[in-house]
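>>> Got a predicted structure plus its sequence, pasted below:
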Amino acid sequence: MPQPVGECGWSGCGAPARVEVLVSVPGEPPGLALRVGGYCVGHAVIVGIDAQARYGGGLWYAAPLLNRARGGPAGRN
Ligand SMILES: [Zn+2]
């Protein structure tokens with residue numbers, strides 16, 4: 001069975017988590033970025049701003065695994 005994307009991590013939201021929020025910690029390599037969690041687009045922005053304020057590092061968003069798999073090499077069936 002394919003792994004579901006999951007729900008937004010915002011309490012009471014229930015929307016599909018379409019974005020993963022990650023934040024890097026200042027002074028640490030980017031590979032050690034903290035995975036804040038998966039959220040819907042609207043909450044990802046809110047959580048991202050909050051996480052950046054808390055950690056002070058770089059903030060970025062990533063597509064969840066399901067979307068990443070769907071966006072694989074082009075031109076192949
Ligand atoms: Zn949400």
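Ah, there it is.

>>> Mind naming the longest helix for the protein?
In the chain, ranked by residue count with DSSP state H as the criterion, the top helix is helix 41-55.

>>> and that one, which residues are buried?
By neighbour count on 16 or more other CB atoms under 10 Å, the buried set for helix 41-55 is 43-44, 47-48, 51-52, 55. C-beta here means a position set from N, CA and C on the backbone, and glycine is covered the same way.

>>> if we look at the ion, which of those are close to it?
Among the buried residues of helix 41-55, the residues lying close to the ion (CB under 5 Å from the ion) are residue 43.

>>> Looking at the buried residues of helix 41-55, spot the one nearest residue 13.
Of all the buried residues of helix 41-55, residue 43 has the smallest distance to residue 13: 6.0 Å, by CB to CB.

>>> where does this protein come near the ion, residue by residue?
Looking at the ion, the residues of the chain close enough under CB under 5 Å from the ion are 8, 10, 13, 15, 40, 43.

>>> mind putting the residues you listed in JSON lines, pLDDT and distance to residue 32 included?
Putting these into JSON lines (pLDDT from 0 to 100; distance: CB to CB, whole Å) gives the following:
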{"residue": "8", "pLDDT": "95", "distance to residue 32": "25"}
{"residue": "10", "pLDDT": "95", "distance to residue 32": "25"}
{"residue": "13", "pLDDT": "96", "distance to residue 32": "28"}
{"residue": "15", "pLDDT": "94", "distance to residue 32": "29"}
{"residue": "40", "pLDDT": "95", "distance to residue 32": "26"}
{"residue": "43", "pLDDT": "96", "distance to residue 32": "24"}
